[in-house]
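# Okay, predicted coordinates and the sequence, questions at the end:
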Amino acid sequence: MKLILLFGPQATGKMTIGKELEKIAGLKLFHNHMTIELLHPFFGFSSEMWRLSNLFRAEIFKALSKSEINGIIFTYVWAFDMEEDWNFVRKTCEIFESNGNEVYFVELEAETEIRIERNKSASRLKEKPTKRNIEESERELLDSMKKYRLNSLEGEIEYENYIRIDNSNLQPDKVAHLIKEKFSF
């Protein structure tokens, strides 16, 4: 069993690349909005929504880490300047590693203008109802860049199984193939 933690700022293509990787590597995609979209209608973007989302994710991870599936791709927006995000990543890795599973880190980055365009894509809006208010979603994308550091610094990710990809000008299937080749999935 493999956990592929596919992370980067909003609209870098994590879900889209995850879908492509799912097709070619025999893994299952668990994108971060699966829990967000479930809870948002009841709690909005409140602390309770995030608490429950993290609780659901942890329980799903525990069950998956003991399952017979080949692996999962989990997408995540990691704020590197927030200790709680580091703790989430550490705990998630511990869940999988404690059951003898491998963890792989795939970091995406893309130019801001490209991310703004991707933020409006039909597939994104279909899968993520909370992103359908384009003006609000774009404002949040831009504000988060000022508030958080959403890409790592060089050498900050010390895990062995790590790759960083600037996919500003790469098609999702190409990125998925790069990931598969890098880690021999």
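Okay, I see it.

# Give me the neighbour count for Ala63.
As a burial measure, Ala63 scores 10 neighbours (other CB atoms under 10 Å). No exception for glycine: its C-beta is placed from N, CA and C like everyone else's.

# quick one: it is in a strand?
No - for Ala63, which was evaluated using DSSP: H, G, I helix; E, B strand; the rest coil, the result is helix, with no strand membership.

# how close does it sit to Phe45?
Here the distance between Ala63 and Phe45 works out to 26 Å (CB to CB, to the nearest Å).

# which residues are in contact with stretch 153-167?
Among residues not part of stretch 153-167, those counted as contacts by CB atoms under 8 Å, 6 or more residues apart in numbering are 12-13, 17, 80, 102-110, 152, 175, 178-179, 182-183.

# Weed out the non-buried ones from those.
By neighbour count, with 16 or more other CB atoms under 10 Å, the contacts of stretch 153-167 hold 12-13, 17, 80, 103-110, 152, 175, 178-179, 183 as buried.

# Test my guess that Ile73 contacts Ile24.
No - applying CB atoms under 8 Å, one finds Ile73 not in contact with Ile24, separated by 11.4 Å.

# what about these two, which has more around it?
In this comparison of Ile73 against Ile24, neighbours counted by other CB under 10 Å, the higher total goes to Ile73 at 27 against 13.

# in the sheet, who's paired with that one?
Under DSSP bridges, the beta-bridge partners of Ile73 are Ile4, Leu29.

# Next, the contact list for it, please.
4, 6, 18, 21-22, 27-31.

# which one of these is nearest Arg115?
Lowest distance from Arg115 to those (CB to CB) belongs to Leu6, with 15.3 Å.

# what about the closest one, helix or strand, and which?
Secondary-structure element containing Leu6, defined by DSSP states H and E: strand 2-7.
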